[in-house]
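# A structural model of the following input is requested.
(4 chains)
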2 protein chains.
Amino acid sequence: MANIQQVAKYAGVSVATVSRVLNGQDKVAVKTKLKVEEAIQHLNYEPSMLGRNLRNSESRIVLILIPTISNPFYFEIIKGIENMALSQNYNILLCETDSSPEKEDIYFDLVRKKMADGIISMDPAVNVETLKTLSEKYAIIQCSEYGGGVDIPYVTIDSEEASYRAVKHLIQMGHRRIALMNSDEKFLYARERRMGYQRALEEHGIPLNKEYIFYTKELGFEQGQQAMKKILQLKERPSAVFAVSDLLAIGALKEINAAGLRVPEDVAVVGFDKIDFSNMTNPTLTTVAQPMYKMGTIAATMLIDKIQGRHVDSVVLEHELVIRESTSG
Amino acid sequence: MANIQQVAKYAGVSVATVSRVLNGQDKVAVKTKLKVEEAIQHLNYEPSMLGRNLRNSESRIVLILIPTISNPFYFEIIKGIENMALSQNYNILLCETDSSPEKEDIYFDLVRKKMADGIISMDPAVNVETLKTLSEKYAIIQCSEYGGGVDIPYVTIDSEEASYRAVKHLIQMGHRRIALMNSDEKFLYARERRMGYQRALEEHGIPLNKEYIFYTKELGFEQGQQAMKKILQLKERPSAVFAVSDLLAIGALKEINAAGLRVPEDVAVVGFDKIDFSNMTNPTLTTVAQPMYKMGTIAATMLIDKIQGRHVDSVVLEHELVIRESTSG
DNA sequence: CTGAAAGCGCTAACAT
DNA sequence: ATGTTAGCGCTTTCAG
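Here you go, the predicted structure:
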């Protein structure tokens, strides 16, 4: 396979000139340029990024850290990141951490070893200490999820407010016994969403019933089913459930159905994320929409700015409550 | 940031020795090794893959080409590929082509430019000619989808047989008016599945009714809804539908429900792929399971073998019909 | 506008 | 067992 030397030789110019033609920055005489281009054509030359990357001390690869690829919530965000990255000549390495520190470390190593120029972390379970240390030397952005108190730029929504609005909607639909299906409160967003839930209840004079708050280990379908099973066994059965992820909510839907109850007549359900599937269920799911694609593009822009040494500020984006059949069938 | 030179200097040895310690192949005296390791520790040294990659003329990155990340069908396959790749020190670049030749070409360029060592293509819409040309110079494996007649190793299942069994199951459940929801027959797997469908009908003396065959542009939920809408308008309404993807089938489910009909009493439905979500619907979906994780690991193994110059043969894996509520509620 | 030459960080062949 | 050295393929001063 031809390299830049051979092209230079064939074209009768120096490698520097070939490089100039390749990068199109410096001025090259039209005639010379033509010669070089012909040589490139003739030799079927493709510049090697390996050489270029070493020379430039960059990999033009950015890491996306997600807990699991199976949660559709990440799709649109990833698309946003990808398109923005691509437009800036960066490629993305999608890294599934399975929320495991060991796997996480494999990927962190990639930036330590210069195989990646930066990281967009969407993993709430990420080892915050490591991330913090890393962020002193490398470009890191937190997207959607973020650890509090750490000085790493993030893009996210106001979880407390979103949660507040979702619960308020349920209250306005006449519900007073509202269950919360939350994930572990070691995650900041989980604490925030619980606070929004409480604020809505308080504001409407509904006393907090701790029996109505359920914690799940993960945000998946099965966890939603299990939690819903417990909820349905309560003496004073809630008439509504607010789940902090759509998959949880869909699990709840399924379980309610299995128990022979109807949504929303017997139990209303609200999810969170507006994943594609939330519109495929029967009934369709009321849910909180995050501007995922936009969040992705912004995260990518922030990261690239950071990589290139520019200053970046954190961003909080708007969200929207999408009312569908599961609360107002 | 420290480089190998500085480590060598600090340890009072040559760079070659440091490299030896790093790679652990050649023999190094324990004492020397200790000195080097201390230097590495002290200087916080991390070997740069940029230098190593250039030197070794490899990137240790493999490309996965998929039409869209939104189809959960790919999850398990990707996990399989990823785990196998990781265990061999390869990383994966997930590339969404959107079935667009332009985007495809961006990714092909990555291997032309040595940024990737090989490709696992799962995109049926891939430009077969380009792929063929590429495969003469680079390592390429087709996974799950493959173009016929091209001499590129693949791993897949027997689509014709899988389709045959799915339809046979419907016939055995007493159905005789069975619709087929297929994708464009420019794809080999679509032609094969149609053939399996026909074989099952023929074998049971059911005449082929062309009105019962529907083609969709994509394999998504919306396409399933649209096709089902048309199916429900037929004078002689089919009593069963075989869709070549779970998402199509789930769209059909939704539409049947919307029309006030029941599954499987009024219309039975069979999908294809056994995506996670096929178990979350109501009713749960009868579907054809492919050994996706295994397919992924095999594809990765094949690719790495190919990259490293070993010979590889194509593989056809077993499938399984998973009978659930949508055909035998 | 073009060329010569240095060097990014690493590995491996060769020499000792 | 260890050191010396020549590149891998590219970009970018610096001279001319």
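
# poorly predicted segments of chain A, please.
A:329 (pLDDT under 70).

# please export the C-alpha coordinates of the helix or strand that contains A:Arg55 as PDB.
Assigning secondary structure by DSSP states H and E places A:Arg55 in helix A:49-56. The C-alpha trace of helix A:49-56 is given here as PDB (Å, rounded to 0.1, in the frame of the first residue of the first chain):
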ATOM      1  CA  MET A  49      -4.500   8.100  10.100                       C
ATOM      2  CA  LEU A  50      -2.000   6.200  12.200                       C
ATOM      3  CA  GLY A  51       0.900   8.300  11.100                       C
ATOM      4  CA  ARG A  52      -1.200  11.500  11.200                       C
ATOM      5  CA  ASN A  53      -2.600  10.700  14.600                       C
ATOM      6  CA  LEU A  54       0.800  10.100  16.100                       C
ATOM      7  CA  ARG A  55       2.200  13.200  14.600                       C
ATOM      8  CA  ASN A  56      -0.700  15.300  15.800                       C
END
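
# quick one: name whatever helix or strand follows that helix.
Note on helix A:49-56: by DSSP H and E, the next helix or strand toward the C-terminus is strand A:61-66.

# if we can go back for a sec, and the helix holding A:Arg55, which residues are buried?
Taking 16 or more other Cβ atoms under 10 Å in any protein chain shown as the neighbour-count basis, helix A:49-56 is seen to contain the buried residues A:Met49, A:Leu50, A:Gly51, A:Arg52, A:Asn53, A:Leu54. Glycine gets a C-beta too; all of them are placed from N, C-alpha and C.

# the inter-axis angle of it versus helix B:49-56?
With axes from the mean of the first three to the mean of the last three Cα atoms, to 10 degrees applied, the angle from helix A:49-56 to helix B:49-56 works out at 140 degrees.

# if we can go back for a sec, can you list the buried residues of helix A:49-56 in JSON lines and add distance to A:Val316?
As requested, the buried residues of helix A:49-56 are exported to JSON lines (distance: Cβ to Cβ, whole Å):
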{"residue": "A:Met49", "distance to A:Val316": "36"}
{"residue": "A:Leu50", "distance to A:Val316": "40"}
{"residue": "A:Gly51", "distance to A:Val316": "42"}
{"residue": "A:Arg52", "distance to A:Val316": "38"}
{"residue": "A:Asn53", "distance to A:Val316": "35"}
{"residue": "A:Leu54", "distance to A:Val316": "39"}
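
# closest one of those to DNA strand D?
Distance to DNA strand D across those (Cβ to the nearest atom of the strand) is lowest for A:Gly51, with 2.8 Å.

# my read is that the closest one contacts B:Arg55, right?
No: between A:Gly51 and B:Arg55 there is no contact under Cβ atoms under 8 Å: 10.6 Å.

# once you drop chain neighbours, what's closest to A:Arg177?
A:Pro238 (4.4 Å; Cβ to Cβ, 6 or more residues apart in numbering or on different chains).

# quick check, the one you found in contact with A:Val267.
Yes: using Cβ under 8 Å, A:Pro238 is in contact with A:Val267, at 7.0 Å.

# tell me the residues of the stretch 51-200 of chain A that contact DNA strand C?
A:Gly51, A:Leu54, A:Arg55, A:Ser57 (Cβ under 7 Å from any atom of the strand).

# TSV for those residues, including distance to A:Phe73?
Supplementary listing: these in TSV, determined by distance: Cβ to Cβ, whole Å:
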residue	distance to A:Phe73
A:Gly51	39
A:Leu54	37
A:Arg55	39
A:Ser57	35
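
# burial of A:Glu185, as a residue count?
A:Glu185 has 14 neighbours, counted by other Cβ atoms under 10 Å in any protein chain shown.

# okay, the residue lying closest to it once chain neighbours are set aside and A:Asn56: tell me how far apart.
Using Cβ to Cβ, 6+ apart and skipping residues adjacent in sequence, the residue nearest A:Glu185 is A:Arg191, 5.0 Å away. A:Arg191 sits at a distance of 43 Å from A:Asn56 (criterion: Cβ to Cβ, to the nearest Å).

# try A:Leu110
Distance, A:Leu110 to A:Asn56, by Cβ to Cβ: 17 Å.

# A:Met228 too?
53 Å.

# what of A:Glu161?
43 Å.

# how about A:Val267?
From A:Val267 to A:Asn56 the distance is 58 Å (Cβ to Cβ).

# the stretch 1-150 of chain A: strands as residue ranges?
Ranges of strands within the stretch 1-150 of chain A are A:61-66, A:91-96, A:118-121, A:139-143, based on DSSP state E, counting those that start in this stretch.

# quick one: A:Thr327 is in a helix?
Yes: under DSSP: H, G, I helix; E, B strand; the rest coil, A:Thr327 falls within a helix.

# identify the residues contacting it.
A:Thr327 is in contact with A:His169, A:Leu170, A:Met173, A:Ala240, A:Pro264, A:Ala268, A:Val269, A:Val270, A:Thr286, counting by Cβ atoms under 8 Å, 6 or more residues apart in numbering or on different chains.

# near DNA strand D, which residues of chain A?
Neighbours of DNA strand D within chain A, by Cβ under 7 Å from any atom of the strand: A:1, A:3-5, A:15-16, A:18-20, A:22-23, A:25, A:47-48, A:50-52, A:54-56.

# if we go to 6 Å?
Proximity of chain A to DNA strand D is confined to A:3-4, A:15-16, A:19-20, A:22-23, A:47-48, A:50-52, A:54-56 under the rule Cβ under 6 Å from any atom of the strand.

# pull the most distant pair out of those.
The span of the residues of chain A next to DNA strand D, defined through Cβ to Cβ, is set by A:Arg20 and A:Leu50 at 20.0 Å.

# who are the contact partners of A:Ala249?
Here A:Ala249 is in contact with A:Met181, A:Gly224, A:Val241, A:Ala243, A:Val269, A:Val270, A:Gly271, A:Phe272, A:Ser278, A:Leu285, A:Thr287, A:Ser326 (criterion: Cβ under 8 Å, 6+ apart).

# among the residues you listed, which one lies nearest to B:His42?
Nearest to B:His42 among those is A:Phe272, at 48.1 Å by Cβ to Cβ.

# beta partners of the closest one?
A:Val288 (DSSP bridges).

# contacts only, for it.
Residues near A:Phe272 by Cβ under 8 Å, 6+ apart: A:Ala162, A:Ser163, A:Ala166, A:Arg193, A:Ala243, A:Val244, A:Ser245, A:Asp246, A:Ala249, A:Thr287, A:Val288.

# redo those residues as JSON lines? Include secondary structure.
Below are these laid out as JSON lines (three-state DSSP):
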{"residue": "A:Ala162", "secondary structure": "helix"}
{"residue": "A:Ser163", "secondary structure": "helix"}
{"residue": "A:Ala166", "secondary structure": "helix"}
{"residue": "A:Arg193", "secondary structure": "helix"}
{"residue": "A:Ala243", "secondary structure": "strand"}
{"residue": "A:Val244", "secondary structure": "coil"}
{"residue": "A:Ser245", "secondary structure": "coil"}
{"residue": "A:Asp246", "secondary structure": "helix"}
{"residue": "A:Ala249", "secondary structure": "helix"}
{"residue": "A:Thr287", "secondary structure": "strand"}
{"residue": "A:Val288", "secondary structure": "strand"}
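
# name the member of the residues you listed with the most neighbours.
A:Ala243 (32 neighbours).

# how far away is that one from chain B?
Per Cβ to the nearest Cβ, to the nearest Å, A:Ala243 is found 14 Å from chain B.

# for A:His204, same thing?
32 Å.

# ok, now which ones touch that residue?
Listed by Cβ under 8 Å, 6+ apart, the contact set of A:His204 reads A:Lys168, A:Ile171.
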